[in-house]
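In: Build me a model:
(chains A and B)
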Amino acid sequence: MTPQFLSVGRYGKLIYLQTDRFKSELLSLSFAVPLTVQAAQQNAMVVALSRRGTKTYPSQAALNRKLDLLYSTAISTANRRMGDMQMLTFTADFLGADYVGGGKGLLPEVVSVLGELVGQPFFDATGQYPADVVSSEKQVLRDAIRAEINNPRALAGAGARKLLCKGEPYGLSLIGSKDTVDALTPEVLACRYRALLSEIAPVFSYVGKASAAEVVALLESTFSFLDKAPASYAADLHAHVGEVRRGTRLMPLQQGKLSLGFRTDIAPNDPLAPALMLANEIFGGSPASKLFLNVREKRSLCYHCSSALDLYKGVLFAGSGIKSENRAVTEEAMLLEFAALQRGEISDIELHAAKKALSNNYRTAQDNPAVLSRFYTGRTLAGAPVSLEDWRTRMENTTREEVMEAANRIRLGSVYFIEGTGEGGEE
Amino acid sequence: MTEIFKSDLLGEHYTRFLHASGLPIYVFPKKMTSTYALFATDFGAVDTAPIGESGLVPPSGVAHFLEHKLFECEDGSDAFEHFSALGADANAYTSHTRTVYLFSSTEHFSEALGELIDFVTHPFFTKKSVKKEQGIIAEEIRMCRDNPYDTCYYNMLEGLYKDHPVKTDICGSVASIGEITPEVLYTVYNTYYTPENMALVICGDVTMEEVLRVVDRHLPRSYTAGTTPPRVTVEEAPEAHRARVSAKGQVAKPIFSIGFKDTRIPTEPVERLKRDAAMAILCEMLFSEAGELYNALFDEGLISPELSSDYALTRDFAFVQLSGEAGDPELVLSRVLDALERIKKEGLSAEDFERCRRIEYAEYIKSFDNTEEIANTLLSFVFEGAELFSYAEVLQSIDLEFVNALLCEVFCPSHVTLSVIFPKEEV
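Out: Numbering: from 1, shown residues only, chains lettered A, B, ... in the order given. Okay, here's the model as predicted:
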């Protein structure tokens, strides 16, 4: 399945993947805007408000009912980091034409509803979001900000990220702080919505059977209001220098959560990028990794111990859940594995397994419209287009020396620990 | 003899073959890049009945413990490493009623299938390795205890059930897994890991012939039927054991789980399937985001946006779960019960019924887009004694009268438990 990269209007792009492999189809709209402390929270609210009603479907219930009638079409939204940008995405997943009576199927109606969500939010007579809806969404947002403590593992990762990227957009929250929620009035948000429209250069993706001409025509006629040059993509990468930043927080939990933050200056279009991905895979990316086999299986220190890489920002986080008294020994054990990686202590079996695992992931992506859409959308927004197959081949041809070189361009930058005080209930 | 099952609606088919070893094998051909294989036993956390002459009562958590231990091979290697060398992605999970070992691969399928069969059929336990695993699983248990959603779920089950082992954590407790020895594991293994109590399910671009070539090499060509494994038989009253269960946890706002206990479980698989399908429609009608109740609760600010409902039905337990986050869960419960009583009097709307049945139809079709989902769903049907493709017909056979009757039968105020996790401190 080879994608075609097509234009939609002057600045819009369409990643078009024609296939009859699936019974459902996928259409997404993504855009990246600068991630700033002022706008991030307001952007998140604008996206949330879009789900509360549109001009034609003026309430959440009416909108959901319409989607149900379109054979349970699901439209989800996402708010993610993409380098130092905020990437906002609307994704529609709907049944293919063969199962809804044929013809053009649901695509025209899905495009129309998506167009309404983005271009025709429900405004009252004064041209603002209704005050009661804003008030309700503000409460949802306050709850979501407070609920960050419900997931201590993610909280530890966020702690390491904030320390690692202090002062950079990547260190910011995507939903902001509770201190700024009160200031979100209908006027402020409507103003943000209109400003946002002027910043959007959309990247669409479509996976399904419809012809490219049909998809482009539908998108151009529906989204003609999005006709802006894209904001410049930003992702400040640098390897960490200086002291490791440390932070600790006490929480009434049974288990301590340790997170280590690493940085590298290897960008997605750097020749060493595939080697960087392999370095992460060998370090903690799978059950065949050094962290899993040595820190968990051999030393029995924890249940989960793994690492994850964000290629778009050159950051890597390794985490583990442990008895709080094992903090020092676990940190040391994890860093020993990292040091072994940097010394090139990578067996043939490890390198082979890592390549096979990533290769399997990329091949499996062909079976999943959402994964395909996300891969190509990310690469397109970051200006580093590459086909999955080319990327996989580059990865397969990577040498041990390159993996070692990539590992040596990674530096530990932060250590964050949530110390469990053992009050989390009975065992 | 090979049996073939076909669906004209879906344009799909699968085959069943009873291998000479006594193992039933199911192959669902699907032109996808990845192939997904499941090797499962009809043995889960609820299976704690005394075993045979030994009279051994398996300690809570033993099914899950066994799942962990089978990955360790006699030569000291870890099965994960074998799969990694082949580029296959292996995993396993234990539920209340089954234990499943699995892999997905895009190449070397036959070798990976051989590995799967080998490691599951060659148990190897020593005192040392059991002790090591107790450390790892104790951390897994602590991790789950720190997860307020897990705690809320199990508290709900403890509220619903007086004696049934479904109320016990799948992982067991630190104390119960402390009772596990190699002898316990071997006894349990020999009782439940018999070919006739297991199934091999594969979905991907593969044929039954290819699968049989592998199975013939790795399993004996004959077998003697063993004794039927013991099952827990617990008579539970229709009423909930306790109407309220609450605890404090690491949450910002109270989270709740409302359970409705259902003890009228049909003996016949086809009747169970019909009840399951009808309950899926009914839960959609009552609790979906397009419905009246959800929107009333949300618009009044009584619940956060995420409200999930689910019906679980097995051979010997069934319940509805309605979960979310609310400032005052008691008030939410009272509103839910009031709404249910009103709907019982007025009857469900025929239009809503058709809308929700169409949603179920769409979800059913969409579920055939993914090898993992197909294999897991097929396995559920196999262990439930039902036929996968009959679901579409069963959906069609359900009428409004049947669903109205279920509404009155299942949603009784005396069958309810409300489980709440309150915040430990003001956030």
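In: pLDDT below threshold where in chain B?
Out: Applying pLDDT under 70 to chain B flags residues B:426-427.
In: How about the contacts made by residue 27?
Out: I went with chain A, as the question did not name one. If you count contacts by Cβ atoms under 8 Å, 6 or more residues apart in numbering or on different chains, A:Leu27 has them with A:91-92, A:94, A:107, A:110-111, A:114, A:204-206, A:208. To be clear about C-beta, it is placed using only N, CA and C from the backbone, and glycine gets the same treatment.
In: wait, I meant chain B there
Out: Taking Cβ under 8 Å, 6+ apart, one finds B:14-15, B:17, B:202-203, B:206-208, B:211 in contact with B:Val27.
In: Show me which of those residues is closest to chain A.
Out: B:Cys203 (10.7 Å; Cβ to the nearest Cβ).
In: Which strands or helices does the helix or strand harbouring the closest one pack on?
Out: Using DSSP states H and E, B:Cys203 sits in strand B:198-204. Applying 3 or more Cβ pairs under 8 Å, 6 or more residues apart in numbering or on different chains; DSSP states H and E, one finds that strand B:198-204 contacts strand B:24-29, strand B:35-41, helix B:109-121, helix B:208-218, helix B:371-384.
In: between the last one and strand B:198-204, how many degrees?
Out: Read it as helix B:371-384. 150 degrees (axes from the mean of the first three to the mean of the last three Cα atoms, to 10 degrees).
In: Any buried residues in whichever helix or strand comes after helix B:371-384, and which?
Out: Per DSSP H and E, the first helix or strand lying C-terminal to helix B:371-384 is helix B:390-397. Using 16 or more other Cβ atoms under 10 Å in any protein chain shown as the test for burial, helix B:390-397 gives B:390-392, B:394-395.
In: need these in JSON lines with distance to chain A, can you?
Out: Formatted as JSON lines, these follow (distance: Cβ to the nearest Cβ, whole Å):
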{"residue": "B:Ser390", "distance to chain A": "18"}
{"residue": "B:Tyr391", "distance to chain A": "15"}
{"residue": "B:Ala392", "distance to chain A": "11"}
{"residue": "B:Val394", "distance to chain A": "18"}
{"residue": "B:Leu395", "distance to chain A": "13"}
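In: which of those residues lies closest to A:Thr330?
Out: B:Tyr391 (47.2 Å; Cβ to Cβ).
In: element containing B:Ser104?
Out: Short version, using DSSP H and E: B:Ser104 is in strand B:99-105.
In: Ok, A:Ser7 next?
Out: Per DSSP H and E: strand A:4-8 holds A:Ser7.
In: Note down every partner strand of that strand and its orientation.
Out: strand A:12-18 (antiparallel) (DSSP bridges).
In: and the strand it pairs with, which residues are buried?
Out: Buried, per 16+ other Cβ under 10 Å, within strand A:12-18: A:12-18.
In: And for stretch B:66-80?
Out: Those would be B:66-73, B:78-80, for stretch B:66-80 by 16+ other Cβ under 10 Å.
In: How far away from the center of its chain is it?
Out: Mean-position distance between stretch B:66-80 and its chain equals 24 Å (Cα atoms, centre = their mean, to the nearest Å).
In: residues making contact with it?
Out: A:286-288, A:292-293, A:297, B:82, B:90, B:92-94, B:99, B:101, B:115, B:119-120, B:122-125, B:129-130, B:133, B:136-137, B:185, B:188-189.
In: just to revisit the earlier point, for the strand holding A:Ser7, buried residues please.
Out: Applying 16+ other Cβ under 10 Å to strand A:4-8 flags A:6, A:8 as buried.
In: for it, the distance to its chain's centre please.
Out: Distance of strand A:4-8 from its chain centroid, counting by Cα atoms, centre = their mean, is 23 Å.
In: same thing with stretch B:262-270?
Out: Centroid separation for stretch B:262-270 versus its chain: 17 Å, with Cα atoms, centre = their mean.
In: okay, which residue is most central for chain B?
Out: B:Ser95 (5.1 Å; Cα atoms, centre = their mean).
In: what's the spacing between it and B:Ser380?
Out: In this view, B:Ser95 and B:Ser380 are 10 Å apart by Cβ to Cβ, to the nearest Å.
In: Sticking with the residue of chain A most remote from its centre, tell me its helix or strand.
Out: Going by Cα atoms, centre = their mean, the residue of chain A most distant from its centre is A:Ala125, 36.2 Å out. Element membership for A:Ala125 (DSSP H and E) is empty, with no helix or strand holding it.
In: Tell me the pLDDT of it.
Out: On the pLDDT scale, A:Ala125 is placed at 92.
In: From A:Ser135, how far off is it?
Out: 18 Å.
In: So what's the residue count around the spatially closest residue to B:Thr97 that is not a sequence neighbour?
Out: Spatial nearest neighbour of B:Thr97, excluding adjacent residues (Cβ to Cβ, 6 or more residues apart in numbering or on different chains): B:Gly44 at 4.0 Å. Number of residues near B:Gly44 (other Cβ atoms under 10 Å in any protein chain shown) recorded here: 24.
In: List the contacts of B:Gly44.
Out: B:Gly44 neighbours (Cβ under 8 Å, 6+ apart): B:63, B:94-99, B:170.
In: could you redo the last one with a cut-off of 7 Å?
Out: B:Gly44 is in contact with B:63, B:94-99, counting by Cβ atoms under 7 Å, 6 or more residues apart in numbering or on different chains.
In: That one is in what secondary structure piece?
Out: Short version: B:Gly44 belongs to no helix or strand, going by DSSP H and E.
In: Distance check, it against B:Ile170.
Out: Taking Cβ to Cβ, one finds B:Gly44 at 8 Å from B:Ile170.
In: now do B:Asn404
Out: On the measure of Cβ to Cβ, B:Asn404 and B:Ile170 end up 35 Å apart.
In: what about these two, which has more around it?
Out: With neighbours defined as other Cβ under 10 Å, B:Asn404 and B:Ile170 compare such that B:Ile170 has more, 20 against 16.
In: Ramachandran angles for the more buried one?
Out: B:Ile170 adopts backbone torsions of phi -60, psi -30, taken as degrees, to the nearest 10.
In: Inside strands: which ones of the contacts of stretch B:66-80?
Out: In strands, defined here by DSSP state E, the members of the contacts of stretch B:66-80 are B:90, B:92-94, B:99, B:101.
In: Cross the buried residues of stretch B:66-80 against helices and list the overlap.
Out: Among the buried residues of stretch B:66-80, the members found in helices (DSSP state H) are B:66-70, B:79-80.
In: B:Ser7 bridge partners, please.
Out: Here B:Ser7, judged by DSSP bridges, has bridge partners B:Glu12.
In: count of neighbours near it?
Out: 16.
In: Report the separation between it and chain A.
Out: To chain A, B:Ser7 is 12 Å away according to Cβ to the nearest Cβ, to the nearest Å.
In: One more: B:Thr41?
Out: Counting by Cβ to the nearest Cβ, the separation of B:Thr41 from chain A is 21 Å.
In: The residue nearest to that residue when sequence neighbours are not counted: neighbour count?
Out: Once flanking residues are discounted, B:Thr41 sits nearest to B:Met198: 4.7 Å by Cβ to Cβ, 6+ apart. Other residues near B:Met198 come to 23 when the count uses other Cβ under 10 Å.
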